Structure formats: C-alpha cells, structure tokens
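Colleague: Below are the sequence and a predicted model for it; my questions follow.
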Amino acid sequence: MFHVMHMDASGEDDPPLETLPELFDELTSSGIVDGSVAVVNDDTGWCVSAHRDGRLIMEHLRDGGERHMIPVSKERVIEFWRRLVAGDVDGLLKEPWKQGYV
C-alpha cells in the first residue's frame with residue numbers, strides 16, 4: 001500500500017500509478033506557491049517528495065535519514081515514485097543523494 005500527498009495537503013490512498021504525472025504537475029498547476037507533493041510507501045515508511053525548486057527528498061517518516069538531489073526531471077521523479085511504490089528502497093538509497101534537506 002501507498003499514499004500520495006497533494007499540494008493542498010490532502011492525501012489519497014493507492015491511486016492509479018497512471019496519475020503520478022498529474023501529481024507532479026500540481027507543483028506548477030495548483031496555484032499554491034509553497035509546498036510539495038509526495039509518495040509514501042506505507043509498508044516501509046519511506047517517502048519521496050518533489051518540490052517546486054526541482055528538489056527531490058527521500059526520507060523515512062519515523063526514523064529520518066533525509067537526503068536530497070537537485071535538479072531532478074519530471075521523468076526521473078516519476079521513476080523514483082514508481083520504484084518506491086514497488087518497494088525498491090534499497091535501490092533508491094543507492095542513487096546519488098546528498099545528505100540533508102538542502
């Protein structure tokens with residue numbers, strides 16, 4: 001199971017994977033200046049959030065371990081989200097992240 005967080009801070013459980021590009025597009029189409037969109041793997045507790053400035057953040061919601069990369073293309077963000085949903089946390093952690101939020 002997974003859920004997504006929209007720009008307006010609302011959530012949605014197990015949406016179709018085909019809607020992930022629309023989730024990303026909320027960064028520019030929602031009219032909300034500050035915020036992010038995210039996918040959370042409920043089984044692992046890991047979250048990958050995308051931000052308007054091109055930052056991508058991966059963190060464990062309970063244990064921390066935040067890391068980031070910037071800039072990240074829409075295609076790459078969606079790829080990471082799909083991998084997170086599939087449970088590929090070990091593979092995602094091997095990507096070239098930098099420690100911390102910024």
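Modeller: Perfect, I can see it now.
Colleague: Would you quantify the distance from the most far-flung residue of the chain relative to its centre to residue 7?
Modeller: Within the chain, residue 31 marks the point farthest from the mean C-alpha position, 19.2 Å out by Cα atoms, centre = their mean. Distance from residue 31 to residue 7, counting by Cβ to Cβ, to the nearest Å: 8 Å. Where C-beta positions appear, they are placed from N, C-alpha and C, glycine not excepted.
Colleague: now swap in residue 57 and tell me
Modeller: When residue 57 is compared with residue 7 (using Cβ to Cβ), they lie 15 Å apart.
Colleague: Might one say that residue 96 is in contact with residue 69?
Modeller: Yes - using Cβ atoms under 8 Å, residue 96 is in contact with residue 69, at 6.5 Å.
Colleague: Compare the two (neighbour count), which wins?
Modeller: Counted by other Cβ atoms under 10 Å, residue 96 and residue 69 do not tie: residue 69 has more neighbours, with 16 against 6.
Colleague: Check which residues of stretch 51-65 are buried.
Modeller: Within stretch 51-65, the residues scored as buried using 16 or more other Cβ atoms under 10 Å are 51, 52, 55, 56, 57, 58, 59.
Colleague: Contacts made by it with the rest, please.
Modeller: Contacts with stretch 51-65, where a contact means Cβ atoms under 8 Å, 6 or more residues apart in numbering, come from 27-28, 33, 35-36, 40, 44-50, 66-72, 76-77, 80, 92-93, 97, 101-102.
Colleague: longest helix of this protein?
Modeller: When every helix of the chain is counted residue by residue (DSSP state H), the longest turns out to be helix 74-85.
Colleague: I'd like the C-alpha coordinates of the helix or strand just after it written as CSV, please.
Modeller: Using DSSP states H and E, the next helix or strand after helix 74-85 towards the C-terminus is helix 89-93. Output of helix 89-93 as CSV, limited to C-alpha atoms (Å, rounded to 0.1, in the frame of the first residue of the first chain):
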residue,chain,number,x,y,z
VAL,A,89,14.0,1.2,-1.2
ASP,A,90,17.5,-0.4,-1.3
GLY,A,91,17.9,0.5,-4.9
LEU,A,92,16.7,4.1,-4.3
LEU,A,93,19.1,4.5,-1.4
